[in-house]
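Q: What would the 3D arrangement of this be:
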Amino acid sequence: MTTTAQPSSVDVRTELSPEEFRAEYVGRRPVVMRGAAAGLPAVSTWSADHLAELAPDQRVRLKVGTVSAGRTTVVRLADYARELAAWEAGLAGGGDPGEPPGYLHDVPLLSVIPELRRDLEPFPVAYFPPFFRDQWWTFTQFFVGPSRAQTPLHFDTLLTHNLFFQIQGSKRFVMVADAERDKCYTYNWRWAAVDPEAPDLGRYPRFRDATVLTCDVEAGDIFYMPPGTLHKVTSPSRSISFNIDWHDRASALRGIAAVRDGMPLTNLRYNLLFALGVVAGLPRRLVMPGLRSYYSYIS
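A: Numbers count the residues shown, from 1 in each chain. Next up is the predicted model:
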């Protein structure tokens, strides 16, 4: 039997000031800010083809196969855009297009294609703590992929807050709160064995009591998840999005303490660096060299 309680929807707000965001949601519960990024030029202009036109020879690393398996390959951005278009055309034609293209996942596109930044201005920096406002683009990690791209249930590895910007297409999030992590059968620190949309309760009986949240995030939306939120992400259509993982004082200190719960020591190093900036007030120019590797790897 695979039945659980009916999923609940998260709050959807069409107007949410930074002050209301911090008072009502930060560290508490997810929220979709519907249309909050719709005015950014990128929402009306970006596609994989557009990215490839800007930097056709830029080599990018893709995840292939199951995202959690960590297999990758490196391709030219122009070649990836062509493969993506051909696969989507085959899917739209009703046939079997075969294996989907890889998933450009956790890639710092604004660092490798700096001209993209102008399409994200004016960026809503007021939603972030001061440490992340200036040079906000250095903290972005991008996701570009085909229809049906999927990331299994997991939580963000540094136990950061997550502000997620949907630029093209849509994403469906299926979530379980951090407080219920023990019901999700986690392994390798951040991955969960259970599928929250079709749980095998014979193998994972504790999940029967989990509260499942769902939401659809459309182009122009901003979506927030508190630290440790487990989430499965599916793309109903081809999609471009990015997120900024960020710490405030409470999450940075908790991120350091999480080493007692099995967090990898590499993550402890990154969280210590964040704490030096967010909690101790060390200038960003002294902290960022040590964080650069975090923003240039495929998780």
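Q: May I have the helix or strand containing residue 80 as PDB, with CA atoms only?
A: Taking DSSP states H and E as the definition, residue 80 sits inside helix 77-92. Output in PDB follows, covering the C-alpha atoms of helix 77-92 (Å, rounded to 0.1, in the frame of the first residue of the first chain):
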ATOM      1  CA  LEU A  77      26.500  25.300 -24.600                       C
ATOM      2  CA  ALA A  78      25.500  25.500 -28.300                       C
ATOM      3  CA  ASP A  79      25.500  21.700 -28.600                       C
ATOM      4  CA  TYR A  80      23.400  21.300 -25.500                       C
ATOM      5  CA  ALA A  81      20.800  23.800 -26.700                       C
ATOM      6  CA  ARG A  82      20.500  21.900 -30.000                       C
ATOM      7  CA  GLU A  83      20.200  18.600 -28.300                       C
ATOM      8  CA  LEU A  84      17.600  20.000 -25.900                       C
ATOM      9  CA  ALA A  85      15.500  21.500 -28.800                       C
ATOM     10  CA  ALA A  86      15.700  18.200 -30.800                       C
ATOM     11  CA  TRP A  87      14.600  16.200 -27.800                       C
ATOM     12  CA  GLU A  88      11.700  18.500 -27.000                       C
ATOM     13  CA  ALA A  89      10.500  18.400 -30.600                       C
ATOM     14  CA  GLY A  90      10.500  14.600 -30.500                       C
ATOM     15  CA  LEU A  91       8.500  14.700 -27.300                       C
ATOM     16  CA  ALA A  92       6.000  17.200 -28.700                       C
END
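Q: Tell me the first helix or strand C-terminal of that helix.
A: Going down the chain from helix 77-92, the next helix or strand is strand 103-107, by DSSP H and E.
Q: who does that following strand pair up with?
A: Paired neighbours of strand 103-107 in the sheet (DSSP bridges): strand 59-63 (antiparallel), strand 140-145 (antiparallel).
Q: could those strands go into JSON lines alongside mean pLDDT, distance to residue 7 and mean neighbour count?
A: In short, each C-beta sits where N, CA and C put it, glycine included. JSON lines is the format used below for the strands paired with strand 103-107 (pLDDT from 0 to 100; distance: least, Cβ to Cβ, whole Å; neighbours: other Cβ atoms under 10 Å):
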{"stretch": "strand 59-63", "mean pLDDT": "91", "distance to residue 7": "26", "mean neighbour count": "19"}
{"stretch": "strand 140-145", "mean pLDDT": "96", "distance to residue 7": "23", "mean neighbour count": "24"}
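Q: Next, format those as JSON lines and append distance to residue 81.
A: What follows is the strands paired with strand 103-107, written out as JSON lines (distance: least, Cβ to Cβ, whole Å):
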{"stretch": "strand 59-63", "distance to residue 81": "10"}
{"stretch": "strand 140-145", "distance to residue 81": "9"}
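Q: how about the residue nearest in space to the middle of the chain, secondary structure?
A: The centre of the chain sits closest to residue 243, judged by Cα atoms, centre = their mean, with a distance of 5.1 Å. Classification of residue 243 using DSSP: H, G, I helix; E, B strand; the rest coil returns strand.
Q: For this protein, give me the ranges with low pLDDT.
A: 1-6, 67-70, 297-299 (pLDDT under 70).
Q: Please name the nearest non-neighbouring residue to residue 231.
A: Leaving out its chain neighbours, the residue that sits closest to residue 231 by Cβ to Cβ, 6 or more residues apart in numbering is residue 175, at 4.6 Å.
Q: and the one you found, that's in a strand?
A: Yes. The assignment for residue 175 (three-state DSSP) places it in a strand.
Q: re the thing from before, output the contacting helices and strands for the helix holding residue 80.
A: Other helices and strands packing on helix 77-92, by 3 or more Cβ pairs under 8 Å, 6 or more residues apart in numbering; DSSP states H and E, are helix 48-54, strand 59-63.
Q: Make TSV out of the ones you listed and add distance to residue 85.
A: Formatted as TSV, the helices and strands packed on helix 77-92 follow (distance: least, Cβ to Cβ, whole Å):
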stretch	distance to residue 85
helix 48-54	7
strand 59-63	15
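Q: Quick check: which of those is nearest to residue 33?
A: helix 48-54 (24.3 Å; Cβ to Cβ).
Q: and that closest one, how far from the chain's centre?
A: The chain centre lies 21 Å from the centre of helix 48-54; the measure is Cα atoms, centre = their mean, to the nearest Å.
Q: Show me which positions of whichever helix or strand residue 287 is part of end up buried.
A: Using DSSP H and E, residue 287 falls within helix 284-291. Neighbour-count burial for helix 284-291, counted by 16 or more other Cβ atoms under 10 Å, picks out 287, 291.
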